[in-house]
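> pasted the sequence and its predicted model underneath.
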Amino acid sequence: MIPIRAYLELLSRYLRNQQVRVAALAVVLIGSIGLQVANPQIVKVFIDRAVEGAEATSLTPLAVAFIVIAIVQQGLAVLATWVAENVGWSATNELRRDLADHCLRLDMGFHKAHSPGEMIERIDGDVTALSNFFSQFSIHVIGNALLLVGILLLLWRENAWIGLALTLFAAVALVVMVGIQTVATEWWVSVRAVRAQFFGFLGEQLGGTEDVRANGADGFMLHRFTGYLRRWLPFELRGRWAWSMLWGTNILLFSGVTILVFWLGDRFLGDGTITLGSVYLVFHYAGMLHTPLERIRGQMEDFQKAGAGIERVRRLFGIETALTDSGGVKLPAGPLRVEFDSVEFSYDDGADATAERVLHSVSFEVAPGHVVGVLGRTGSGKTTIARLLARLYDADSGTVRIDGVPAADVLVANLRRRVAMVTQDVQLFRASVRDNLTFFDESVPDEAIWHALDQLGLADWVRSMPDGLDTKLQSGSGGLSAGEAQLLAFTRVFLEDPGVVILDEASSRLDPATEELLEAAITGLLRNRTGFIIAHRLATVERADDVLILEAGRVVEFGDRARLAADETSQLSQLLLAGMEEVLR
Amino acid sequence: MNDTTTLRLMVKLVRQYPLRYAVNVVTWTVLWTLPILAALIARAYFNRLESEVGLNVPTLMGLMGGYAIFRLAVMFVGMYNDVALMFRLGATMRQNMFTRILSLPGAQAIDESPGEALSRFREDVEHVEETTSWTVDMFGSLAFTLVGVAVLWFVNAQLTVFVFLPFFLVVFLTERTGTRIRRYREQARVATGQVTEAIGEMFGSVQAIKVADAEAPMIRHFERLNDVRRRAMVKDRVFTALLESIYWNVVHVGTGLVLLVAAIQLSGGADFNVGDFALFVAVLMESAEVIHHVGMFVARFKQSGVSFERMVGLLRGAPAEELVAPVELRLEAGRTDAPVPRAAPDADFDRLQVRGLTYTYPGTSNGVTDIDLDIQAGSFTVITGRVGSGKTTLLRALLGLVTPEAGDIRWNGDVVDDPAAFFVPPHSAYTPQVPRLFSMSLRDNLLLGLAVDDGELWDAIEGAVMTPDVRAMSAGLETQVGPLGVRLSGGQVQRTATARMLVRRPQLLVFDDVSSALDVVTEARLWDRLLRSNDRATSLVVSHRHPALQRADQVIVLADGAVAAVGTAKELLETSEEFRMLWFGETE
């Protein structure tokens, strides 16, 4: 059911910084509820005096007081909403931030298994379910519970028997309502499931119209479409039946309590225990019971949803990164030496049983400031070498050394600053060029950005954009070609001033202008740095000092490029002869 | 879309189900006005207590019970009828949109992303569905107001005027607040969108962020967006609460006014009557609900115009009426659909001629221009060219998956008027570069409703070099494909799509670059099987790899959207610089 303890833990952790607001909320809430239950008492006095035939002058102030109290009470209720919403959103925003930070720092194995869409659901979806909880729990559960208790206490004050009867009624009503809701919830869950199936089918269809059309399957898909609708209808009917039951219960319960009040009022007025004003008061309070009971019932469902959310949030916090950050070594400035010593690696993270070894005893050594051209087919292990070097993963056995230090002994933050990587598909943020270059780091001055752009020969290019550094980019690679997106990524990297640069060339064809810019920028980027270029074009291989050729996770050739190119029996010569494209696809 | 059009579309939509709609109007009108009866019973009760007149208490208790049971019965009928009607209205719009999308050229059937299109199938349909349902409540609200005013007027005319005074104020106020609320809601929605987008982007480029050690600034950015959202959300919620409180104020201020007027009337010698007071308060409460409902309906109705517009947008040029046109829904339980037998071609294929085929992607200069092409029966034609040279576009324009701007396509010498309708089995079938499979069994994915026996199905699988893969799956042909079942590799998807094409036995097979997911050996085997088979089909293939180029009867080299050279690979190696470059890879 509801993991109360987990909930309280979370509540106390994230409400700690908001004690003043929480205290204010309590005061406002109690005040609002107090006025809400007090006002009908005025009506009672009014009725009793009017029935006794009192003077109008003694009645008018009562009517005015009633109006004033009602308006003040509504004002307090709005104020309570304002405070409660602020508390709720501040607390859950803090939770969202902590979760995002935690997940961002998890290893790539985690990110490979969880799509960005899933992360949206887990960081925002689950927490938003909780936020209703944080902000509305106070108003709906505590507030309505107080209201309920207040009403019942005042009923006891009128007459013990009436108080007892209506207290019993409230208890029975709550149990019945929650019971029916439990059944109803099950039915709603199945409606949601069958809806999800329909929309899942439809989503696939909308993405695959080309396949459907060209294979003449539109008739078939239309049949499946109606098939899904046909299966959906009975669930929808039953789901609505659940609503009807809840509403029907309300009708029966509250007509029942009215009948009860009719009887009790008649009985106790008859023996003179209570006045006519009291009977009206009881009648009015009985009607007022409806709202808190209904709200508390509704909150039970949110409680359960929030319970599931809390559980998922806790589980997410429980995941730990596979990469330890125990090393304290910091790498020096300038170009760095890179060594792979009998490195073995597989992406096996326990979840994927078919994971094969992708690197077999890979060894090579690159002198500081050298540029290595890395060649090999898709799946030969080029990207894996890059990832190990950036310590996105740790080798299963063997050692990756940078400047003679095993990668695991270097402070992760320092390593990532000193080893930079640019991938084929650069993902951009829907934000300005500046924010894309600095990762939203506002402390990077514009001069530093322009300096980097100058060094890479890109300053004129950025100046030619509509708003320079303030030009808004689209998400993904939208608005820019793959080559242009890489140019921005180069600048990102240059700003870090790394000692090792890993570059996975864009394999798609570039227009001549971009290609020219790219060539110049690569030259600027590699100046006085150790470079790894995963090459897709001959021109790139020609700028390399060394060449590393991989096949099925093994090094088949490594050495000085000029020497290998001169040797007709070398793999490199064969490759140049056969044509790059065939091999590098 | 203006209100008149919205109303016209809604009327058209419900006109298919006049009886169900009428039942809805009657039941919900009863449900809305019935509380007045309960208020009258309460009045009678207090009158009885105060002055021993009218019906006695046990009778009133019985009446109250009868009232509850009657209301319950009407409610069940109304609820059931309402959901049955709304589901059909939603299904009508969904089916009309889906049918239209399936009839449009496949590669440009939707302009929007599939996610965006899906949201129109979901949120917009639901919105219109619900608003249409609410039109019934408007009849109910009207009936309640008329009956309510009549009853109150009869009981105490002077009081009635004072009670309804605050309502005019409220209608005015909510109209003002309503637009403001919509603005705040929109701001909150935008701010929420920015937060979710930031999460998506952040985890979409998690590797780049890690490698740049940029976690901290990214999280600060995320915090800033969260804070913007908090402010927008609080504003939205507080204003909603404010609006709610206006309605409650109507009840309370109205009640206060009733007391005030009663006090004044008392001083004029009139009698104060608790029963009347109870009646007025009860009707007031109900009135607040009615006004609240009408206000929300007006807002929803305006939004329905937007929803209609978005749905009509998916119809791509078809008139708005098509969205709400009557359709056969076939919702009866137990109904199944028979598979379709394979259509036989009307004549043997002899030749395909294309002259001057031109297509440009809207808003760009990319596309193909003035393409001539001749394909003989039984031949193997390969289209090749660099990335972006227009290979896929050529296939799409030829097959009518996009609508060509110019060009003449002749099949066996006859002009093809509507390529989109013509280039389907049994004339042709097509495998796109990234084929899509659907979340159903492998068998269903291959057949897509076609009625053929297993022998023919296995022949197609064999032809697509897929037999060992299917044998290796424990459930064989019944293996569930997709996120809920087995995730096939890129190569398996390619070959499944190939088998899907082969099993239809079209006269012309069209492949777009199967090599992107097949290794060279598998690709060579695929071509050999295709070329060796007895009833050798005609093939049109986009490829840049040697196994395909070597086997081609003719190779068409595209450059910048135009034909650069035509010939066999051998000839082209001697004559075409562009082809040599493609064959040997690019050199400086």
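Arrived safely, thanks for sending.
> hey, which helix or strand in chain B has the poorest pLDDT?
strand B:340-341 (a mean of 73; mean pLDDT, DSSP states H and E).
> strand partners (parallel or antiparallel) of that strand?
Here strand B:340-341 has these sheet partners by DSSP bridges: strand B:450-451 (parallel).
> tell me the helix or strand right after the longest helix along chain B.
Longest helix in chain B by number of residues (criterion: DSSP state H): helix B:215-267. For helix B:215-267, the succeeding helix or strand toward the C-terminus, using DSSP states H and E, is helix B:274-314.
> is the lengthiest helix in chain A in proximity to chain B?
In chain A, assigned by DSSP H, the helix with the most residues is helix A:218-270. Yes. Contact between helix A:218-270 and chain B, assessed by CB under 8 Å from any CB of the partner chain, occurs at A:218-227, A:229-230, A:232-234, A:236-237, A:239-241, A:243-244, A:247-248, A:251-252, A:255-256, A:258-259, A:262-263, A:265-266, A:269. Placement of C-beta: from N, CA and C, glycine included.
> only the buried subset of those, as a ChimeraX command please.
In ChimeraX, a selection of the buried entries from the residues of helix A:218-270 next to chain B looks like this (16 or more other CB atoms under 10 Å in any protein chain shown):
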select /A:218,220,221,222,223,224,225,226,227,229,230,232,233,236,239,240,241,244,247,248,251,252,255,256,258,259,262,265,266,269
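> need the residue closest to the centroid of chain B.
For chain B, the residue nearest the mean C-alpha position is B:Phe121 (2.0 Å; CA atoms, centre = their mean).
> wait, a helix at it?
Yes. Secondary structure of B:Phe121 (DSSP: H, G, I helix; E, B strand; the rest coil): part of a helix.
> buried residues, stretch B:121-132. List them.
Buried residues in stretch B:121-132, counting neighbours by 16+ other CB under 10 Å, are found at B:121-122, B:124-125, B:127-129, B:131-132.
> out of those, who's near chain A?
Filtering the buried residues of stretch B:121-132 for proximity to chain A by CB under 8 Å from any CB leaves B:121-122.
> give me the lowest-pLDDT entry from the buried residues of stretch B:121-132.
For these, the weakest pLDDT value sits at B:Arg122, with 88.
> what's the burial count for residue 328?
No chain in the question, so chain A it is. For A:Gly328, the count of nearby residues is 9 (other CB atoms under 10 Å in any protein chain shown).
> if you could check chain B rather than the one you did, that'd help
Neighbour count for B:Glu328, taken as other CB under 10 Å: 8.
> and if you look at the one 3 residues further on?
Each residue near B:Leu331 was counted by other CB under 10 Å, and the total is 17.
> from B:Leu118, how far out is it?
B:Leu331 sits at a distance of 22 Å from B:Leu118 (criterion: CB to CB, to the nearest Å).
> so what pLDDT did A:Ser346 get?
pLDDT for A:Ser346: 84.
> and the gap between the residue nearest to it when sequence neighbours are not counted and A:Glu551?
Using CB to CB, 6 or more residues apart in numbering or on different chains and skipping the chain neighbours, the partner closest in space to A:Ser346 is A:Arg357 (4.5 Å). Counting by CB to CB, the separation of A:Arg357 from A:Glu551 is 14 Å.
> do the same with B:Val274
96 Å.
> surely B:Ala320 and B:Met10 touch.
No. B:Ala320 is beyond contact range of B:Met10, at 11.6 Å (criterion: CB atoms under 8 Å).
> where does the stretch 451-585 of chain A dip in pLDDT?
Low-confidence regions of the stretch 451-585 of chain A, defined by pLDDT under 70, span residues A:474-479, A:482, A:506-512, A:537-539, A:577-585.
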